[in-house]
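Colleague: Compute the structure for the input listed below.
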Amino acid sequence: MHTDTTAPEFVDLPARAVLTVDGTGAPEAPAFTSAVRALFAVRAALGAREDVPLEGSYSQDGDPLRFDLDRPDGWHWRLSVPAPPPAVPETVETAGRRFGAPVNLRNQEPRQVARLLHRGPYADEGPSLAALYSFVERAGLVPAGPHTEVYLTDPSTTPPAQLRTLLQVPVSRWV
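Modeller: From the prediction side, this is the model:
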């Protein structure tokens, strides 16, 4: 199946507060589904009304710079959504308990990322990720952490060929 990608670009992302759930394993596993439900339920319980995309940062077997699309059982993930103001740790923790997942409030530092838009099934992201990492290397930068996927379409209502996912890699200069 053919997927296309947009040209990679560098983007500066601002600092922001996010709600997160950390876990391991494949996205088809119950823990992943529970984490997604809890994030959106806590966000709504805190007063958020607008729709926001789910974001997931992925690494492999505890190595933040490794990721194997073919071995999802070894994935370590952090799912996140923007936190509504004025979320505070106590209200997030209380709401998270009600929805059955350890939801945390974290401050995400400002950062520069390389990103591109992947179109098509998640299983076909390999060439898009390779293009993104190659773009980072050609620019004389290095990955500064795990890649993040920003899900712009809902996989429960969008055919796989029409899925759109922003792939992002945080970057830094050579040390």
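Colleague: elements contacting the helix or strand harbouring S57?
Modeller: S57 belongs to strand 55-60 when assigned by DSSP states H and E. Strand 55-60 sits against strand 75-82, strand 147-151, with contacts defined as 3 or more CB pairs under 8 Å, 6 or more residues apart in numbering; DSSP states H and E. For the C-beta atoms, the positions are set from N, CA and C on the backbone; glycine is no exception.
Colleague: For E90, which of those strands is the nearest?
Modeller: Closest to E90 of the helices and strands packed on strand 55-60, according to CB to CB: strand 75-82, at 18.7 Å.
Colleague: among the helices and strands packed on strand 55-60, which is nearest E93?
Modeller: Short answer: strand 75-82, nearest of the helices and strands packed on strand 55-60 by CB to CB, at 15.9 Å.
Colleague: can you give me the helices in this structure?
Modeller: For the chain, applying DSSP state H gives helices covering 30-45, 89-98, 126-138.
Colleague: Least confident of these, on average?
Modeller: Here the helices of the chain differ in mean pLDDT, and the lowest is helix 89-98 at a mean of 89.
Colleague: what separates it from the chain centre, distance-wise?
Modeller: How far helix 89-98 lies from its chain's middle: 21 Å, per CA atoms, centre = their mean, to the nearest Å.
Colleague: and it, which residues are buried?
Modeller: 92, 95-96 (16 or more other CB atoms under 10 Å).
Colleague: Among the helices and strands packed on strand 55-60, show me which one is buried the most.
Modeller: Of the helices and strands packed on strand 55-60, the one with the most neighbours on average (mean count of other CB atoms under 10 Å) is strand 75-82, at a mean of 21.
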